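In: My questions are about this predicted structure, shown below with the sequence.
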Amino acid sequence: MADFDLLIRGGTCVTAADTFSADVAIKDGVIAATGRELGSADKEIDASGLLVMPGGIDSHVHLAQPSASGTPQMADGFETGTRSAIAGGTTTVIPFAQQPRGVGLRETLESYHEKARGQAYCDYGFHLIITDPTPQVLGQELPALVKDGYTSFKVFMTYDDMVLNDRELLEVFDCAKDCKALVMVHCEGYDAIRFMTERLERQGKTEPYYHGVSRPQIVEREAAHRAISHAQLIDVPIMIVHVSGREAMEQIRWAQQKGIKIFGETCTQYIALTADDMKGFNMDGSGSKYVCSPPPRDHESWDAIWEGIRGGVFQTFSSDHCPFFYDGPQGKMTGKAKASFRWVPNGLPGVENRMQVFFSEGVSKGRITLNEFVALTSTNHAKMYGLYPKKGSIAPGFDADIVLWDPNREEVITQSAMHHAADYTPYEGQKIKGWPVMTLLRGKKVCEEGKITGEVGDGTFLKRDYSAFVS
Ligand code: DUC
Ligand code: ZN
Ligand code: ZN
């Protein structure tokens, strides 16, 4: 009988801390050993010339979230969204379970479990989205669910159906402090956006491009500062998600330098897209393909985001995969969206392209090291959201979630090769250097050369521990 189930031979292992030549031995879905002369295995994979990295963890993904009536439904559910994830080298996603106002948190979670059960190609957890922080929710439901392993949740400072006012934010932060949960905050100011939107509409400026004008960086900066101040008042750590440019980045850096426990996340669209992409062909709608919130900015903002990445302001790099169709009856420009950008659904597909774009722009262009790439795409997500030391590294005892990566391979991103259900990728035509060639989920080969070899249902639900960053 062989010593191991699988041996990955001859590759270069990369973790958040080290880069080293070693074979990786896998048994029962777990990494059993790394090194040389490890023993025999039932199967072997030749990884010479390839990087052996922890599978990506994308801690900011939206799948199968219902939309308000009359607006388009999301393009991806759990099956297609997680299929797209593994094709891009990501082996764990953490989507959101959004509480409809008036509905309890357990009922909310159960409805998402139903959508996900047996449908996923990769492992998954859930963050809650709290939209209705009643005394019952904060006093009983949320603390109990945090104990049950739902250790993070998101709150919004904008959107009619989700916005929390300052008093509610403070109550939620206070609850998070008591139950050791990590709060993710969407920082954009509701009133300022409404004011800008109504003024633009009065001026007849309703094309998708004006989505970006309605929520400039000042709006994000003001909300980020307000969230930071509230967090400081309560003395609770928070994570400011999807930071788009210099203004909010500097607020986080300022807070971190003062010793306030604020964490930061940025996403692919903020290093690869600009507001000009939303110009498209105006009301024929192609600009709507790029409508997301916060909106993509400009090249100076890309530089600011890289400054934040290199300077340690951001701990995680996510996709904020939030996919809608462009064409057809569920397309981004259907119904009310033709009348104003305010009705265009906010979000882009991106879970498949996250690691490709980040590797190419980051590692291949010399902006970050391989180890920083692993930290920002995998290890830090695992630590931030209570999945470490099960996920996020190449070492004995970790799940054998592994991506084999060719650092020299050149490709061009194109919709025809994508695995999501959406009918476009916002990264169409991007030239990429560095590409995933094989993805393993707990030791099983689930994707090779863009061909899915895993099965729907391979992915399992992950109960999570407390964040390593919340004490
Ligand atoms: N916030 C997100 O996190 N994702 C999509 C849209 C939004 O506003
Ligand atoms: Zn958000
Ligand atoms: Zn999001």
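Out: Yes, it's here. Ligands and ions are numbered 1, 2, ... in the order given.
In: near ligand 1, which residues of the protein?
Out: Contact residues (C-beta under 6 Å from any ligand atom) of the chain with ligand 1: His62, His186, His242, Cys292, Ser293, Asp320, Cys322, Asn346, Gly347. For glycine as for every other residue, the C-beta is placed from the backbone atoms N, C-alpha and C.
In: The fourth one - how many residues pack around it?
Out: Neighbourhood size, Cys292 [other C-beta atoms under 10 Å]: 26.
In: Could you report the pLDDT at it?
Out: Here the pLDDT value assigned to Cys292 is 97.
In: Not counting sequence-adjacent ones, nearest residue to it?
Out: Nearest residue to Cys292 in three dimensions, chain neighbours excluded: Leu348, at 4.9 Å (C-beta to C-beta, 6 or more residues apart in numbering).
In: Pro323 is in contact with the one you found, correct?
Out: Yes - counting by C-beta atoms under 8 Å, Pro323 is a contact partner of Leu348 at 7.1 Å.
In: Give me the more crowded residue out of these two.
Out: Legend: neighbour count by other C-beta under 10 Å for Leu348 and Pro323, higher for Pro323 (28 against 25).
In: what about the more buried one, is that helix, strand or coil?
Out: coil (DSSP: H, G, I helix; E, B strand; the rest coil).
In: which residues sit in contact with it?
Out: Neighbouring residues of Pro323 by C-beta atoms under 8 Å, 6 or more residues apart in numbering: His62, Met74, Ala75, Asp76, Gly81, Gly347, Leu348, Pro349, His420, Ala421, Ala422.
In: any idea what the nearest residue to the fifth one once chain neighbours are set aside is structurally, helix, strand or coil?
Out: Closest residue in space to Gly81, ignoring its immediate chain neighbours: Leu63 at 4.2 Å, by C-beta to C-beta, 6+ apart. Following three-state DSSP, Leu63 is assigned to coil.
In: Run a quick neighbour tally on Pro72.
Out: Per other C-beta under 10 Å, the neighbour tally for Pro72 reads 22.
In: doesn't Lys336 make contact with it?
Out: No - counting by C-beta under 8 Å, Pro72 sits too far from Lys336 to count as a contact (10.5 Å).
In: which residues touch the spatially closest residue to Thr377 that is not a sequence neighbour?
Out: Nearest in space to Thr377, with sequence neighbours left out and distances taken as C-beta to C-beta, 6+ apart, is Gly56 at 4.9 Å. Going by C-beta under 8 Å, 6+ apart, Gly56 touches Ala85, Gly88, Gly89, Thr90, Thr91, Thr92, Arg354, Met355, Thr377, Ser378, Val403.
In: can we see that at 10 Å?
Out: 85-86, 88-93, 122, 317-319, 351, 354-355, 358, 373-374, 377-378, 381, 392, 401, 403, 436, 439 (C-beta atoms under 10 Å, 6 or more residues apart in numbering).
In: Just the buried residues of these.
Out: Neighbour-count burial (16 or more other C-beta atoms under 10 Å) applied to these gives 85-86, 88-93, 122, 317-319, 351, 354-355, 358, 373-374, 377-378, 381, 392, 401, 403, 436, 439.
In: can you tell me which of these are in helices?
Out: Among those, DSSP state H puts Ala85, Ile86, Arg354, Met355, Phe358, Phe373, Val374, His381 in helices.
In: For stretch 244-256, buried residues please.
Out: For stretch 244-256, a neighbour-count test (16+ other C-beta under 10 Å) marks Ser244, Gly245, Arg246, Glu247, Ala248, Met249, Glu250, Gln251, Ile252, Arg253, Ala255, Gln256 as buried.
In: May I have that stretch as CSV, with CA atoms only?
Out: Extracted in CSV, the C-alpha atoms of stretch 244-256 (Å, rounded to 0.1, in the frame of the first residue of the first chain):
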residue,chain,number,x,y,z
SER,A,244,-11.7,52.1,-4.4
GLY,A,245,-9.0,54.8,-4.2
ARG,A,246,-6.8,57.2,-2.3
GLU,A,247,-9.4,59.0,-0.2
ALA,A,248,-10.7,56.0,1.8
MET,A,249,-7.3,54.3,1.7
GLU,A,250,-5.8,57.2,3.5
GLN,A,251,-8.5,57.2,6.2
ILE,A,252,-7.7,53.5,6.9
ARG,A,253,-4.0,54.2,7.0
TRP,A,254,-4.5,57.2,9.3
ALA,A,255,-6.5,55.0,11.7
GLN,A,256,-4.0,52.2,11.6
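In: Grab the nearest non-local neighbour of Ser40.
Out: Per C-beta to C-beta, 6+ apart, closest to Ser40 is Ala2, 4.4 Å.
In: surely that neighbour meets Ala32?
Out: No - using C-beta atoms under 10 Å, Ala2 makes no contact with Ala32, being 11.6 Å away.
In: Alright, calling it a day.
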